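K.L.:
what's the 3D shape of this:
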Amino acid sequence: MRRFPLAGGLAAAGLTLAALSVQAQEVNLQLNRVIAPTAPASAALPWVNVRAYELNGFEPLKHSVEFQITTNQSTLDADPPGGCCPVPGRGNLGAGEELRSISLTVNPTLLAVPGSSLIVQWTGEPVVIYNDVFPDAGQKPSNIIVSSNPAATDYDITVTFAEGTKVTHSKLLASYFINGVATELNDYDLAYTNSTGYSALAVIQHANGSFGVIGAVPEPGTYAMLGLGILVMGFAVRRQRR
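P.N.:
Numbers count the residues shown, from 1 in each chain. As a prediction, the model looks like this:
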């Protein structure tokens, strides 16, 4: 399996390191590309949004990334511990449509570091490091899987919801460790494209029992940040090997 950044480097994007000195705080993945046939309940194409953002302002989780899955336009209280900013939910699943699973691709450079591990948890239950719950965590997934062999899969994180859950939103936390030590994870590390050409994939179930598959490609504004993250992690890996 071949994974690759979405842009041909910083130079191709017309950016310099100085231009990227302010770290990206938020990445939105709009899953609105049809991969498999759908049978939408409404005339509008069904889509789902994943909003990933860094918790730099909250000391216990400053290295972690919260990502919110939303399926409709209802207002979502997005305040993480320590306070942030309420944002509107995104997505437009109709009454006859429900999200059954969503999968994300992680920056493979992170997963290649010796002794590294990635933990993903629903924030409605006490999470690692913080040992507390988040407000308005949304619906609980029935299962969360982080691939034990990233080289063999296109997607590294799969979040599944039981039939009938009727997901409106769900907040999850991704934490990255090297040899048991919490290590910096960036929002764009969860927005990496894989060999399919997508960075995320969702399975939608319709009222008639049929399924549709939709995918996402990161916003153009995240391309350069992805490239910078790869350069930084590559340097870290080389230093560790020395």
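K.L.:
right, and residue 106 touches residue 191 too?
P.N.:
No: the criterion here is CB atoms under 8 Å, and residue 106 misses it with residue 191 at 9.3 Å. The C-beta positions use only the backbone N, C-alpha and C, and glycine is treated the same way.
K.L.:
between the two, which has more neighbouring residues?
P.N.:
A direct count of neighbours by other CB atoms under 10 Å for residue 106 and residue 191 places residue 191 higher, at 30 against 25.
K.L.:
retrieve the pLDDT associated with the more buried one.
P.N.:
You'll see residue 191 listed with a pLDDT of 89.
K.L.:
quick check: the gap between residue 94 and residue 168.
P.N.:
13 Å (CB to CB, to the nearest Å).
K.L.:
just checking, what packs against the longest strand seen in the chain?
P.N.:
If you go by DSSP state E, the chain has its longest strand at strand 169-178. Contacts defined by 3 or more CB pairs under 8 Å, 6 or more residues apart in numbering; DSSP states H and E place strand 169-178 against strand 65-70, strand 116-122, strand 157-160, strand 181-183.
K.L.:
go again using 6 Å as the cut-off
P.N.:
When contacts are defined as 3 or more CB pairs under 6 Å, 6 or more residues apart in numbering; DSSP states H and E, strand 169-178 packs onto strand 65-70, strand 116-122.
K.L.:
ok now do residue 145, which residues does it touch?
P.N.:
residue 158 (CB atoms under 6 Å, 6 or more residues apart in numbering).
K.L.:
actually residue 205, not the one I typed
P.N.:
Contacts of residue 205 by CB under 6 Å, 6+ apart are 98, 100, 211.
K.L.:
now with 10 Å?
P.N.:
Contacts here follow CB atoms under 10 Å, 6 or more residues apart in numbering; on that basis residue 205 touches 39, 96, 97, 98, 99, 100, 101, 161, 163, 164, 211, 212.
K.L.:
list only buried entries from those residues.
P.N.:
The neighbour count (16 or more other CB atoms under 10 Å) marks 39, 97, 98, 99, 100, 101, 161, 212 as buried among these.
K.L.:
just those residues: which are in strands?
P.N.:
Of the buried ones among the contacts of residue 205, the ones assigned to strands by DSSP E are 97, 98, 99, 100, 101, 212.
K.L.:
which one of the residues you listed is nearest to residue 181?
P.N.:
Residue 181 lies nearest to residue 101 out of those, by CB to CB, at 31.0 Å.
K.L.:
all strands for the chain, in order.
P.N.:
Under DSSP E, the chain gives strands at 26-31, 33-36, 48-54, 65-70, 75-76, 87-88, 97-104, 116-122, 143-146, 157-160, 169-178, 181-183, 200-206, 211-216.
K.L.:
show me what the nearest residue to residue 104 once chain neighbours are set aside is bridged to.
P.N.:
Of all residues not flanking residue 104 in the chain, residue 157 sits nearest, at 4.4 Å (CB to CB, 6 or more residues apart in numbering). Applying DSSP bridges to residue 157 gives these bridge partners: residue 104, residue 146.
K.L.:
please report how far residue 157 lies from residue 107.
P.N.:
Residue 157 is 12 Å from residue 107, by CB to CB.
K.L.:
could you work out the most separated pair of the ones in strands among the buried ones among the contacts of residue 205?
P.N.:
Longest span within these, CB to CB: 97 and 101, 13.5 Å.
K.L.:
any idea how many residues pack against the residue nearest to residue 130 when sequence neighbours are not counted?
P.N.:
Using CB to CB, 6+ apart and skipping the chain neighbours, the partner closest in space to residue 130 is residue 60 (4.9 Å). When counting by other CB under 10 Å, one arrives at 16 neighbours for residue 60.
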